[in-house]
Each structure stands twice: as structure tokens, then as C-alpha cells.
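Participant: let's see this in three dimensions:
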Amino acid sequence: MGSIKVQKLSKSFGVHTVFHDVSFEIRRGERIGLIGANGAGKSTLLKCLMGEEDYDNGAFVVSEGESIGYLQQDITYADDVTLRQTITEAWQDVMKLEKDLKAVEKAMQAHPDDEGLMNRYARMQERFEWLGGYEYESMSRKIVQGLGFSEADMDRPVQSFSGGQKTRINLAKALVRRPDYLFLDEPTNHLDVDMLEWLESYLLSYGGGILIVSHDRYFLDRVATGILELSHGKITKYKGNYSRYVEQHAQQQKALEKAYKKQQEHIHETEEYIRKYKAGIKAKQARGRQSQLDRLERIEWQPEDESLHFNFKPVEECGQKVLVLDKVSGGFADRQLFDHLSLLLRRGEAASLIGPNGTGKTTLIRMIMGEKEPTDGHITLGSRVHIGYFAQEHTDLHGAWTVLDEIMNDFSYGEEEARSVLGRFMFRGDDVFKVIDSLSGGEQARLALLKLFLQGPNFLILDEPTNHLDIPTREVLEQALLDFGGTYLVVSHDRYFLDKITQRTLVLEHKQLTEYVGNYSYYREKVREAQEAAEKAAAEGQSSSPAHEKEAAPAARKAEPAPAVKAPAKAPAYGQAAKLEKIEMKIAELEATIKMYEVQMNMPQNQTDADAMMELTREYEAAQAQLDEAYEKWEALSES
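Facilitator: The predicted structure is shown next:
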């Protein structure tokens with residue numbers, strides 16, 4: 001089975017180390033998710049592997065003849081480049097080979113007995129077939145149509161497509177050659193749910209190896225067979241999908257932290273002993289303890305990356321009816337997007353608004369905000385309802401202002417007060433003087449969330465709030481919304497996020513609004529049941545009426561009790577004769593054992609194996625307890 005290998009790769013920008021000694025392997029059939037906080041170096045790592053950035057040390061080993069397809073986050077196209085030209089560009093080598101084949105065919109007609117030409121033609125034809133030359137047009141059509149493009153779209157300039165469509169075009173370029181390996185940088189950005197599910201199905205049937213940079217946890221749960229976490233410049237590998245990673249990571253961190261704290265306690269106690277007795281009658285014992293300390297292999301442990309602190313102010317009470325849509329229609333002069341929508345959103349409800357791109361979700365939000373009038377019907381907000389709006393494009397931010405100006409000007413804060421609230425959202429030091437237009441997407445999202453927090457709304461309307469946010473920040477936002485206490489309506493393609501924070505799902509498609517009383521997974525289950533019922537009815541030739549929707553309570557997951565820690569084994573009893581020599585031998589043996597455990601706990605393969613780490617921690621603690629007891633006996637014997 002083929003594979004590609006990354007060996008001890010390192011990259012720095014000046015004095016800043018992005019990553020160091022990164023090693024991993026991707027085999028055919030593996031689908032590996034690469035995760036980490038914004039700024040951890042994930043995209044830089046991909047660029048180093050694709051030759052777009054030079055790495056400082058290490059090696060990237062790809063077997064001869066193996067091909068890699070690469071999806072970048074943002075690609076700039078010339079104004080006149082069409083979709084057809086973009087897809088065709090991926091087949092340049094095949095098209096050149098096809099042209100060369102025709103030239104050799106022509107030469108063979110002129111020289112029918114030339115064996116050299118015939119052999120050359122046979123080799124070229126074999127390679128042409130291996131590269132997919134006889135099916136490249138049908139393969140291109142299949143990929144392009146699967147990603148939602150029609151034949152009429154093929155001659156449109158790429159720049160005329162929307163952000164989501166450009167993402168799909170970039171995906172088509174990466175997928176069309178069906179390479180041996182795929183490197184995908186944020187492939188789910190701007191994709192609607194239908195396209196996400198198409199991509200998931202495609203990748204699940206893909207036979208090559210895949211490396212995916214993504215913050216989409218639902219996508220990683222569906223697709224990934226392993227997770228690589230890039231944190232503090234190091235890579236840690238976990239088996240299974242994202243949910244399995246969360247379990248393993250928590251166990252591993254808990255075991256490592258416990259071992260680290262235990263060792264720190266031991267170091268502190270030993271240093272206290274040395275300070276107390278280094279000049280007294282126990283000086284010999286103190287020197288022995290110092291020798292032990294000098295040989296100690298220190299366990300490495302770092303707390304989790306710092307995240308922002310986020311919670312909303314207590315919400316102001318409002319009327320029971322927060323939002324009422326009464327037969328609302330809307331769209332544009334030449335196109336009706338939706339027709340006679342009705343909805344009642346009550347106080348304290350958490351609802352999501354989903355549907356394919358282009359069905360009018362943003363238009364409906366603009367109408368609720370009062371920025372656009374419906375063509376028919378009425379929209380009513382309840383009494384004392386105060387809306388807080390998170391815009392997908394952060395239109396409420398002033399691009400020419402600094403971060404500090406944004407808060408001081410919009411909320412009449414003094415500099416000290418503005419710096420204080422900005423610090424809670426990880427804008428510290430000179431960061432507050434950055435111009436907003438120069439901020440990354442994630443930084444702009446954080447600033448927009450801070451402004452939302454400071455407004456004190458009781459009805460939140462959030463348009464793609466998780467775009468550009470890394471996983472730790474998404475988790476903070478989720479918890480803040482769960483603790484909010486008010487009402488919110490969320491437009492999002494982040495299915496994991498929707499599962500966590502919503503209890504009503506509103507689906508806008510075919511110009512109508514359909515409601516499901518549950519989260520995203522509940523909605524998908526009901527759609528699946530309806531499809532199965534329709535298929536069964538069609539097979540039986542009978543009409544079926546919709547079954548009564550019955551909510552299934554999610555099964556409670558019981559945490560398994562942690563394995564009991566072994567009681568420290570007691571040191572054997574010793575007689576008076578030759579006691580000192582025996583106990584010194586025992587101490588040396590225990591110190592060697594502890595050093596072995598410390599080395600093993602620092603090994604990456606053990607740090608990524610939660611079960612192994614917990615077992616090592618238990619053994620380490622047992623050996624440490626024996627060593628402490630042995631030292632007490634040695635000191636007692638030395639004094640006597």
C-alpha cells in the first residue's frame with residue numbers, strides 16, 4: 001500500500017517557530033483531518049508540502065509517479081478566465097500527450113514499417129490510458145455537474161461566480177484528475193448543506209489518501225479516519241474521527257497533567273529537603289537527593305491554548321412573541337425567492353434557518369432587520385425586543401478604524417475600559433492599534449462578537465457566525481449561546497454547531513418554509529424517514545401519509561469510571577545486616593525505572609494514546625511511592 005511521509009519537518013519565520021520536527025505518514029485510503037487554532041501553522045504546513053513555501057529542515061517523501069491534488073483557501077483568477085478553461089487546465093499534460101499521439105500516428109502513416117515509432121506509440125498510448133486520457137471529458141463533466149454547475153456555466157468567467165461557487169470550482173480543479181492524494185484547505189467554506197453532503201459522499205468513496213485542514217467538526221466526524229493536531233509547533237496523531245479525538249485528547253491531557261503535577265510536587269519536596277539539610281548532619285542524604293534530582297527526566301506538559309472569554313449580559317425581559325412572519329413574500333424584481341412564509345418565534349427559543357444557497361435566507365434576514373421591504377405580507381417584532389445582528393461580512397465594522405477606535409467610538413468607552421474588554425477577546429498590547437481592514441477573518445469575527453456582547457440584545461440574529469472561527473472559539477460561542485437566556489435565529493452551514501445550540505430547524509427551499517421541532521440531526525433523520533417511506537410506497541404502488549413525528553430522546557452517554565490507581569507496592573522489609581547496601585541498590589533500580597517511565601511519557605506515540613498514558617501514570621506513581629519509602633529507610637539507616 002502506497003503512502004507519503006513527512007519526516008522531521010521544521011519551519012520558522014525569523015525568530016518565530018511555526019512548527020518543529022513534524023513527522024507523520026498518510027497511507028492510501030486514510031482520510032486525515034488536520035486541526036489546530038487559527039495561526040497554529042496548518043495552511044503554512046500545506047504550502048510547505050506543496051512547494052509554495054520553503055521549509056527549513058526535514059523531508060517530504062512522495063513515491064515516484066504519485067500525484068497530489070491541492071485545494072487552496074483562496075485562489076485569484078484573471079477576469080476573462082472561464083470555468084471550462086479552469087477545468088481544462090488540470091488536464092494540460094494529458095492534452096499535450098494526446099496531441100503528441102496524433103503526431104506519432106501521422107508519422108506512422110508515412111512510415112508504416114518503423115518499429116521504433118510503433119513501440120513509442122504503444123508506450124505513449126499506455127501512459128495516456130493510465131492518466132485517464134480516454135475518459136477525461138466524461139470525468140470532468142461528472143465532477144463539475146456533481147458540484148452543481150450546468151453546461152451553460154462552463155463558459156462563464158470564474159470571477160462572475162459567488163464565493164461559494166468559487167470554492168466549488170477550486171474543489172473541481174483538485175478532484176478532477178482523481179489524484180493519488182488530496183490536500184484540502186478548508187474545503188467546506190461557503191458550501192451549502194447539499195454540496196457538503198455531496199463532498200462527503202465523494203470523499204468517502206475516494207480510494208486515495210486525503211489530508212484535510214478543517215474547522216468543520218461534523219464534516220470531520222463523517223469523513224476522517226484519523227486526526228492530526230498541530231499545537232505549540234508539534235503534531236500529535238489520534239485514531240478515529242473528530243468525536244473520538246475529543247475523547248482521546250481529554251484523557252491524554254488529564255493523564256499527562258496528573259503525571260506532571262505529581263512530578264512537580266516531588267521536585268518541590270526534594271528541593272525543600274536539600275535546602276534544609278545540605279549543611280547539616282544529613283548533608284550526605286541531601287547530596288543523594290540532589291543527585292537524584294539532576295538525573296530526573298522532566299515531564300513536558302503545557303495547559304490548553306488560551307481562548308477568549310465570552311458571555312452575554314443578562315437579557316432584558318421582552319414580550320412572549322418575539323418574531324411573527326405573516327404570509328411574507330420577497331425577492332427581486334425579476335425573481336421571487338419565497339412566497340407566503342409564516343412563522344412565530346417565541347421568547348427563549350433557539351432556531352436555525354437553513355437551505356441551499358440562493359433560496360433567500362439572507363434576503364429574509366434583511367427583511368427582519370428592516371433593511372428590505374417584503375413584496376407582500378407583514379413582519380412584526382414583539383414588545384421590548386432588542387435585536388443584536390452578526391453580519392456574515394461584518395458590515396458593522398469600520399474598516400479604516402483601529403480595533404481600539406471601534407470600541408471607544410461605538411460604545412463611548414475610555415481607553416482603559418476599551419482595552420479591558422478587548423483583552424477578554426484576545427486583543428492585547430499593540431493588537432488594539434491594528435486597522436480593522438488588516439485583520440484576518442477570524443480576528444474580525446472576534447471583534448464583531450465582542451460588539452454583539454456589549455450591545456446587550458435579547459434577540460440575536462446570527463448570519464454564519466462560525467465562518468473563520470477556529471474550533472476552540474466555536475466552542476466558546478456555543479457555550480455562550482447555551483447560557484444566553486434570550487431568543488436567537490441562526491443562519492449557518494455548521495451542522496455540528498447547529499446540533500449543539502438549536503431546538504427548531506427552519507428549512508427554506510422551493511420558496512417555502514418547512515419546520516422541524518428538533519436540531520439539524522433530527523431534521524436529517526426525518527428527511528431520511530420520509531424518503532424511505534416514499535421509496536417503499538413507490539415500490540408497493542401505494543400512497544403513504546406522513547407518519548406522526550415522534551421525537552426520540554437522545555440516549556444519555558454514561559462516562560466510564562476511571563480505572564482505579566494501583567496502590568503503591570511496599571518495599572520489602574530489610575534486616576540490619578547489609579541493609580544500607582541493599583537499599584542503595586533498590587534506590588538505583590527504582591530511579592532507573594522512574595527515568596524509563598518519564599522518557600516513555602514524553603514519547604509522542606504514548607502522548608497520543610490515552611490508555612497507554614494512564615497506565616504509564618499509574619506505574620510511575622507506584623514506582624515514585626516505592627522510591628520515597630526507600631529513601632526514608634535509607635535515611636533512617638544512615639542516621640543509625
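
Participant: now do stretch 311-330, average pLDDT.
Facilitator: Per-region confidence: stretch 311-330 scores 90 on mean pLDDT.

Participant: again, but for stretch 484-504
Facilitator: The average pLDDT within stretch 484-504 is 94.

Participant: for that stretch, C-alpha coordinates in PDB please.
Facilitator: The C-alpha coordinates for stretch 484-504 follow below in PDB (Å, rounded to 0.1, in the frame of the first residue of the first chain):
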ATOM      1  CA  PHE A 484     -27.700  33.300  26.800                       C
ATOM      2  CA  GLY A 485     -31.200  33.200  28.100                       C
ATOM      3  CA  GLY A 486     -32.700  35.100  25.200                       C
ATOM      4  CA  THR A 487     -34.000  34.200  21.700                       C
ATOM      5  CA  TYR A 488     -31.900  33.600  18.700                       C
ATOM      6  CA  LEU A 489     -32.200  32.800  15.000                       C
ATOM      7  CA  VAL A 490     -29.100  31.300  13.300                       C
ATOM      8  CA  VAL A 491     -28.200  31.000   9.600                       C
ATOM      9  CA  SER A 492     -25.400  28.500   9.400                       C
ATOM     10  CA  HIS A 493     -23.900  25.600   7.400                       C
ATOM     11  CA  ASP A 494     -22.000  24.400  10.500                       C
ATOM     12  CA  ARG A 495     -24.000  21.300  11.300                       C
ATOM     13  CA  TYR A 496     -22.100  20.400  14.500                       C
ATOM     14  CA  PHE A 497     -22.800  24.000  15.800                       C
ATOM     15  CA  LEU A 498     -26.500  23.700  14.900                       C
ATOM     16  CA  ASP A 499     -26.800  20.400  16.600                       C
ATOM     17  CA  LYS A 500     -25.400  21.900  19.800                       C
ATOM     18  CA  ILE A 501     -27.300  25.100  20.100                       C
ATOM     19  CA  THR A 502     -30.700  24.900  18.300                       C
ATOM     20  CA  GLN A 503     -34.000  23.100  19.000                       C
ATOM     21  CA  ARG A 504     -36.000  24.200  15.900                       C
END
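
Participant: so which bits of that stretch are buried?
Facilitator: Of the residues in stretch 484-504, 484, 486-502, 504 count as buried by neighbour count, 16 or more other CB atoms under 10 Å. Bear in mind the C-beta positions are built from the backbone N, C-alpha and C, glycine included.

Participant: need phi/psi at the spatially most central residue of the chain.
Facilitator: In the chain, the residue lying closest to the centroid (CA atoms, centre = their mean) is residue 215, at 2.5 Å. Main-chain torsions, residue 215, degrees, to the nearest 10: phi -110, psi 0.

Participant: cool, and residue 380?
Facilitator: Main-chain torsions, residue 380, degrees, to the nearest 10: phi -130, psi 130.

Participant: now do it against residue 221, distance only.
Facilitator: Using CB to CB, to the nearest Å, residue 380 is found at 39 Å from residue 221.

Participant: and the two? Which one has more around it.
Facilitator: The residue with more neighbours, out of residue 380 and residue 221, is residue 221; 19 against 12, by other CB atoms under 10 Å.

Participant: which residues does that one contact?
Facilitator: Shown in contact with residue 221 (CB atoms under 8 Å, 6 or more residues apart in numbering): 241-243, 496.

Participant: and residue 310, what does it touch?
Facilitator: Contact analysis of residue 310 by CB under 8 Å, 6+ apart lists 424-425, 449, 453, 476-477, 479-480.

Participant: and what of residue 34?
Facilitator: By CB under 8 Å, 6+ apart, residue 34 lies in contact with 42, 45-46, 211-214, 227-228, 230.

Participant: is it in a bridge, and if so with what?
Facilitator: residue 213, residue 228 (DSSP bridges).
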